[in-house]
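Participant: Sequence first, then the predicted structure:
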Amino acid sequence: MALKKKGDWWHAATAVDLDQFLLRHVLGRHCRGVPHRVAHARCAACSAAKFDLFTDEGERVLRVCTACEAEHWVCNLDGKGDPDSAGEIVCTCMYSECEVAVGFALMDPPEGGTEEDGPVGHLYVAGRCTECGLCGVYSEWGPDGDFTFPELAASV
Ligand SMILES: [Zn+2]
Ligand SMILES: [Zn+2]
(Lines give C-alpha, C1' and ligand atoms only; values in the text may rest on other atoms or scores of the structure.)
(Ligands and ions follow the chains in the order given, each with its own letter.)
Protein backbone atom coordinates (compact mmCIF):
# COMPACT_ATOMS: atom_id res chain seq x y z
CA MET A 1 0.00 0.00 0.00
CA ALA A 2 1.72 3.08 -1.17
CA LEU A 3 -1.20 5.36 -0.45
CA LYS A 4 -1.11 6.59 3.16
CA LYS A 5 -3.33 8.88 5.14
CA LYS A 6 -1.66 11.57 7.20
CA GLY A 7 -4.21 13.57 9.14
CA ASP A 8 -6.98 14.42 6.69
CA TRP A 9 -4.82 14.02 3.61
CA TRP A 10 -3.75 11.16 1.39
CA HIS A 11 -0.09 10.93 0.45
CA ALA A 12 1.30 8.72 -2.31
CA ALA A 13 4.77 7.44 -3.15
CA THR A 14 4.33 7.45 -6.94
CA ALA A 15 2.05 8.79 -9.66
CA VAL A 16 0.61 5.29 -10.14
CA ASP A 17 -0.97 5.60 -6.70
CA LEU A 18 -3.23 8.32 -8.08
CA ASP A 19 -5.26 5.46 -9.62
CA GLN A 20 -6.15 4.10 -6.20
CA PHE A 21 -6.71 7.60 -4.81
CA LEU A 22 -9.16 8.48 -7.59
CA LEU A 23 -10.91 5.12 -7.90
CA ARG A 24 -11.34 4.39 -4.22
CA HIS A 25 -11.46 7.73 -2.46
CA VAL A 26 -12.92 10.08 -5.07
CA LEU A 27 -14.98 8.24 -7.72
CA GLY A 28 -15.85 5.42 -5.33
CA ARG A 29 -17.32 7.92 -2.88
CA HIS A 30 -18.92 10.50 -5.15
CA CYS A 31 -19.93 8.61 -8.29
CA ARG A 32 -21.19 5.21 -7.18
CA GLY A 33 -22.82 2.70 -9.49
CA VAL A 34 -21.29 3.83 -12.77
CA PRO A 35 -18.10 2.74 -14.59
CA HIS A 36 -14.88 4.58 -13.63
CA ARG A 37 -11.67 5.20 -15.53
CA VAL A 38 -8.37 6.99 -14.79
CA ALA A 39 -5.94 8.54 -17.29
CA HIS A 40 -2.53 10.07 -16.52
CA ALA A 41 -1.19 13.30 -18.01
CA ARG A 42 1.95 13.32 -20.12
CA CYS A 43 3.40 16.28 -21.99
CA ALA A 44 2.71 15.95 -25.73
CA ALA A 45 5.85 17.94 -26.55
CA CYS A 46 8.53 16.22 -24.41
CA SER A 47 6.63 13.31 -22.75
CA ALA A 48 7.56 14.43 -19.22
CA ALA A 49 4.88 13.93 -16.58
CA LYS A 50 5.42 16.74 -14.07
CA PHE A 51 3.47 19.96 -14.21
CA ASP A 52 2.58 23.21 -12.55
CA LEU A 53 -1.22 23.54 -12.41
CA PHE A 54 -3.37 26.64 -12.81
CA THR A 55 -7.14 26.84 -12.34
CA ASP A 56 -9.30 29.54 -13.89
CA GLU A 57 -12.50 31.10 -12.56
CA GLY A 58 -14.53 28.36 -14.24
CA GLU A 59 -12.41 25.74 -12.44
CA ARG A 60 -10.81 24.56 -15.67
CA VAL A 61 -7.21 23.41 -15.35
CA LEU A 62 -4.16 24.55 -17.31
CA ARG A 63 -1.08 22.37 -16.89
CA VAL A 64 2.37 23.68 -17.70
CA CYS A 65 5.17 21.14 -18.22
CA THR A 66 8.01 21.88 -15.80
CA ALA A 67 10.54 20.38 -18.25
CA CYS A 68 9.67 22.24 -21.47
CA GLU A 69 7.01 24.80 -20.42
CA ALA A 70 4.44 23.51 -22.93
CA GLU A 71 0.91 24.54 -21.89
CA HIS A 72 -2.18 22.36 -22.17
CA TRP A 73 -5.77 22.78 -20.95
CA VAL A 74 -6.81 19.50 -19.32
CA CYS A 75 -9.81 17.77 -20.98
CA ASN A 76 -10.92 21.06 -22.48
CA LEU A 77 -12.81 19.66 -25.47
CA ASP A 78 -15.64 22.11 -24.83
CA GLY A 79 -13.15 24.99 -25.02
CA LYS A 80 -13.96 26.75 -21.76
CA GLY A 81 -10.50 27.47 -20.34
CA ASP A 82 -9.80 31.16 -19.62
CA PRO A 83 -6.07 32.01 -19.49
CA ASP A 84 -6.74 35.52 -18.15
CA SER A 85 -8.21 34.25 -14.89
CA ALA A 86 -5.85 31.29 -14.34
CA GLY A 87 -4.09 31.23 -10.96
CA GLU A 88 -1.36 28.82 -9.87
CA ILE A 89 -2.08 25.99 -7.45
CA VAL A 90 0.42 25.61 -4.62
CA CYS A 91 0.60 22.59 -2.31
CA THR A 92 0.37 22.97 1.48
CA CYS A 93 4.16 22.34 1.47
CA MET A 94 4.52 25.50 -0.71
CA TYR A 95 5.81 23.46 -3.62
CA SER A 96 3.84 23.56 -6.87
CA GLU A 97 5.01 20.77 -9.18
CA CYS A 98 2.78 17.72 -9.37
CA GLU A 99 1.96 14.61 -11.34
CA VAL A 100 -1.53 14.65 -12.76
CA ALA A 101 -4.26 12.10 -13.36
CA VAL A 102 -7.93 12.51 -14.22
CA GLY A 103 -10.72 10.27 -12.96
CA PHE A 104 -13.85 9.83 -15.06
CA ALA A 105 -17.40 8.74 -14.25
CA LEU A 106 -19.02 7.26 -17.36
CA MET A 107 -22.72 7.54 -18.11
CA ASP A 108 -25.06 5.10 -19.85
CA PRO A 109 -23.64 3.81 -23.14
CA PRO A 110 -25.81 3.79 -26.26
CA GLU A 111 -27.72 0.59 -26.96
CA GLY A 112 -25.32 -2.18 -27.97
CA GLY A 113 -22.28 -0.06 -27.02
CA THR A 114 -19.53 -0.80 -24.51
CA GLU A 115 -19.00 1.13 -21.25
CA GLU A 116 -16.52 3.46 -22.94
CA ASP A 117 -19.02 4.43 -25.66
CA GLY A 118 -21.08 6.33 -23.09
CA PRO A 119 -20.52 10.03 -22.43
CA VAL A 120 -18.39 11.17 -19.49
CA GLY A 121 -20.72 12.64 -16.88
CA HIS A 122 -18.15 14.04 -14.49
CA LEU A 123 -14.39 14.22 -14.16
CA TYR A 124 -11.91 14.95 -11.38
CA VAL A 125 -8.44 16.42 -11.92
CA ALA A 126 -6.05 15.09 -9.28
CA GLY A 127 -2.44 15.88 -8.56
CA ARG A 128 0.34 14.29 -6.51
CA CYS A 129 2.87 16.79 -5.19
CA THR A 130 6.34 15.71 -6.33
CA GLU A 131 7.85 17.21 -3.16
CA CYS A 132 5.67 15.88 -0.32
CA GLY A 133 3.44 13.30 -2.06
CA LEU A 134 0.15 14.92 -1.06
CA CYS A 135 -2.74 13.87 -3.31
CA GLY A 136 -5.56 16.30 -3.95
CA VAL A 137 -8.45 16.92 -6.32
CA TYR A 138 -7.78 20.35 -7.75
CA SER A 139 -10.85 20.66 -9.92
CA GLU A 140 -13.92 18.80 -11.12
CA TRP A 141 -16.63 19.42 -13.65
CA GLY A 142 -19.16 17.85 -15.98
CA PRO A 143 -18.15 18.33 -19.63
CA ASP A 144 -20.51 20.55 -21.63
CA GLY A 145 -21.54 18.09 -24.33
CA ASP A 146 -21.24 14.38 -24.94
CA PHE A 147 -17.60 13.36 -24.97
CA THR A 148 -16.49 9.75 -24.52
CA PHE A 149 -13.73 8.57 -22.20
CA PRO A 150 -11.32 7.81 -25.10
CA GLU A 151 -11.82 11.35 -26.47
CA LEU A 152 -11.22 13.01 -23.09
CA ALA A 153 -8.42 10.62 -22.07
CA ALA A 154 -6.48 11.76 -25.14
CA SER A 155 -6.71 15.32 -23.80
CA VAL A 156 -5.61 14.74 -20.20
ZN1 LIG B 1 7.13 19.04 -21.81
ZN1 LIG C 1 3.50 19.18 -1.33
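Facilitator: Looks like it arrived, so ask away. Numbers count the residues shown, from 1 in each chain. Ligands and ions are numbered 1, 2, ... in the order given.

Participant: Helix, strand, or coil at F104?
Facilitator: Three-state call for F104 (DSSP: H, G, I helix; E, B strand; the rest coil): strand.

Participant: mind listing what the helix or strand bottoming out on mean pLDDT in the chain pairs with, with the direction of each?
Facilitator: Sorting the helices and strands of the chain by mean pLDDT, DSSP states H and E puts strand 3-6 at the bottom, at a mean of 94. Partner strands and pairing direction for strand 3-6 (DSSP bridges) are strand 9-12 (antiparallel).

Participant: on that earlier part again, is there proximity between the least confident helix or strand of the chain and ligand 2?
Facilitator: No: on the criterion C-beta under 5 Å from the ion, strand 3-6 is out of touch with ligand 2, staying 11.4 Å away. Using the backbone N, CA and C atoms, a C-beta is placed for each residue, glycine as well.

Participant: Can you check the pLDDT for the residue lying closest to G103 once chain neighbours are set aside?
Facilitator: Spatial nearest neighbour of G103, excluding adjacent residues (C-beta to C-beta, 6 or more residues apart in numbering): L22 at 3.5 Å. Note for L22: predicted pLDDT of 98.

Participant: pLDDT weak spots in the chain?
Facilitator: Along the chain, the parts satisfying pLDDT under 70 run over 1.

Participant: Ligand 2 contacts on that one?
Facilitator: 91, 93, 95, 129, 131-132, 134.

Participant: now, which of the residues you listed lie within strands?
Facilitator: If you go by DSSP state E, the residues of the chain next to ligand 2 have 129, 134 in strands.

Participant: and the residues of the chain next to ligand 2, which are buried?
Facilitator: 91, 129, 134 (16 or more other C-beta atoms under 10 Å).

Participant: What residues are bridge-paired with the second one?
Facilitator: The one in question is C129. C98.
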